[in-house]
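In: after the sequence you'll find the predicted model.
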Amino acid sequence: MPPYAYICAGNEPFGVFGSDNSLTIIDLANPLAPTFVGNIQGAGAPPGGNYLESPTRVAIKDNYAYVCAYNEDRFTVIDITNPAAPVFAASLNVPGLYDIKISGNYAFVVTRWMNQLISIDISNPLAPAIADTVVHGWGTPTAVYIQGDRAYVGAVDSTLHIFDISDPTAIAFLGEAVVATGGAVYVIVDGNTAYVSDSNDWLRVVDVTNPVLIAVLGSIGTAGAPNHMDNPVGLYKVGNLVYVCAWGEWYLNIVDVTNPAVPVIVGQLDIQAAMGGSPRPREVYVRDNYAYVTEGNQVPEDGLLTIDISNPVAPFLAGTIQGSGAPNFLENAYGLFIRPLSTPLVQTLPATGVT
């Protein structure tokens, strides 16, 4: 199977409106020239729609894609057995769901306005069912990451929360701490270290060894030269390098975290300078020597970018696929999931992850 990118496109819920409302599948066999394979789209209930209004994030397990359809309060299941013709399989009402990760037979979602972490049994993809719901004292959770038997949740109120999910039907709170000055809007975890996008223009490196003693180890940030870290969002980590999408400044930053106390930017790409317009990088996924970045907020630039990172000190734009509506259906491209990866990876990892 060639590598495919699964992209949530259209009608992003925070002020940028469109009409694609699509899960779009892109063939990455040639990274320099990604090609459209297929899509499924449409707001509202089948048969007129597919419960895909304002899709934010997607996770893949086996032959199914699980999509957060934010504006429809729907956990939507899409059969992707035939990538050229994905079909609606099932849906579940989950108000405000925004981010998703999968572990085993369970999907874990956070609900942005309902302040919940929810586990959903997907052992039967055609009949997903809520297994447990935790309502916690955070303010607006936007990101969830799963590592082992723990879930890590970042929230707009600057906090990181850790939960025990060893029993997905009885999620248990372990600890929390303020780790940002803005919103803790993205989270990835590698071992005992979490990496958090702080919407106040910082990447935070956080020690999560002890859930009751969460502590920031180091930071790098500020908008403008030389760091260009305005409003960081999507993160991905490979080895000692963290790839950061600086949404507010149109930059992809590559950060060396070998010393967690002193992270250092080793490479940068000014995406706006490379392609013109106002391309807003959102999610990043790394495969082989390429970083794949979704970008939106500026029709007609909306799409998927291929960035050559073979030399992390000098990344460059190597390929694109763009455009809202037919033929590529990439308006306001946002959530991203790529499989298979070039190195073994448990397919519970999200659109942002660790290899």
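Out: Nice, thanks for sending it over.

In: all helices of this structure, in order?
Out: Assigned by DSSP state H, the helices in the chain fall at 271-275.

In: residue ranges with poor pLDDT in it?
Out: Along the chain, segments meeting pLDDT under 70 span 11-18, 297-301, 341-355.

In: kindly recompute the last result at 50.
Out: Along the chain, the parts satisfying pLDDT under 50 run over 343-352.

In: hmm, what's the outermost residue in it?
Out: Pro47 (28.5 Å; CA atoms, centre = their mean).

In: how much space between Phe173 and Ala151?
Out: The gap separating Phe173 from Ala151 is 10 Å, by CB to CB, to the nearest Å. Using the backbone N, CA and C atoms, a C-beta is placed for each residue, glycine as well.

In: neighbour-wise, which of these two wins?
Out: Neighbour totals were compared for Phe173 and Ala151, and Ala151 leads with 26 against 14 (other CB atoms under 10 Å).

In: for the more buried one, which non-adjacent residue is spatially closest?
Out: Excluding its sequence neighbours, the residue lying closest to Ala151 (CB to CB, 6 or more residues apart in numbering) is Phe163, at 4.5 Å.

In: wouldn't that neighbour be in contact with Ala170 here?
Out: No: counting by CB atoms under 8 Å, Ala170 is not a contact partner of Phe163; they are 10.6 Å apart.

In: so between the two, which is more surrounded?
Out: Between Phe163 and Ala170, counting by other CB under 10 Å, Phe163 is the more crowded of the two (24 against 12).

In: would you map the strands across the stretch 151-300 of the chain?
Out: 159-164, 172-178, 184-190, 193-198, 202-207, 215-221, 232-238, 241-246, 251-256, 264-270, 280-287, 290-296 (DSSP state E, counting those that start in this stretch).

In: show me what the longest one is packed up against.
Out: Meaning strand 280-287. Counting contacts by 3 or more CB pairs under 8 Å, 6 or more residues apart in numbering; DSSP states H and E, strand 280-287 is packed against strand 232-238, strand 241-246, strand 251-256, strand 290-296, strand 336-339.

In: again with the fourth one
Out: Here strand 193-198 touches strand 150-155, strand 184-190, strand 202-207, strand 215-221, strand 232-238, going by 3+ CB pairs under 8 Å, 6+ apart.
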